[in-house]
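need a 3D model of the following:
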Amino acid sequence: MGSSPIGSKNFGHLAQWLARIAYIDEVGGPNPSVPIMTTKIETFLKPFLRENLSDLRPGDTVRVYQKIKENDKERVQIFEGLVIARKHGKEIGATITVRKVISGIGVERIFPIHSPTIEKIEVLKREKVRRAKLYYLRKAKGKKAKLKRKELFKEVIPEEKPAEEISSEKLE
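Below is the predicted model of the structure:
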């Protein structure tokens, strides 16, 4: 009764197993369904991703332009502050946490980077930071809350002069 695969209750499982083996042989790899599914999802989401936002980092002072719809009117609201965290890498759900202090009270907002309500994000200045998350700035006050300015351009190294010119300059 249970010896024949056709008459058994597990025939559906057997058929799935055989189809999986045939698919693995055809495509290759132990679990080929995962990469194929992710590529389909990536191709579907690609038009919605913003391309030029890969340089947003913690320590950047940014100005975020967000579209806000009130009744039938639409306006742009600007939020300017310091990026204290960036999460979820380059995914469709990537976010930045922007913090600013208004009248001595800290205000933080989380913005989804790839959201259609975000019109644009401008980087105003860069600060030198050594951490990926700057949550310590919530408690820091005064000088501890100040970040160091980061030079955007590296120093230009002067061209080396020939040895003859260097020796003649020392003599004069």
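
so I41: helix, strand or coil?
Assigned with DSSP: H, G, I helix; E, B strand; the rest coil, I41 falls in the helix class.

check the closest residue to K125 other than its chain neighbours and give its pLDDT.
Beyond its immediate neighbours in the sequence, the residue positioned closest to K125 (Cβ to Cβ, 6 or more residues apart in numbering) is T61, lying 4.8 Å away. For glycine as for every other residue, the C-beta is placed from the backbone atoms N, C-alpha and C. On pLDDT, T61 comes in at 92.

got it, and I92?
For I92, the model assigns a pLDDT of 87.

kindly report the same for K46.
At K46, the pLDDT recorded in the model is 83.

number of residues surrounding the residue nearest to K125?
17 (other Cβ atoms under 10 Å).

and what of R57?
A count of nearby residues for R57, using other Cβ under 10 Å, gives 16.

OK, contacts around it?
With contacts taken as Cβ atoms under 8 Å, 6 or more residues apart in numbering, R57 has the following neighbours: 83, 86, 126, 129.

who wins on neighbours among those?
Of the contacts of R57, V83 is surrounded by the most neighbours, 23 neighbours in total, counting by other Cβ under 10 Å.

quick one: secondary structure of that one?
The assignment at V83 comes out as strand when based on three-state DSSP.
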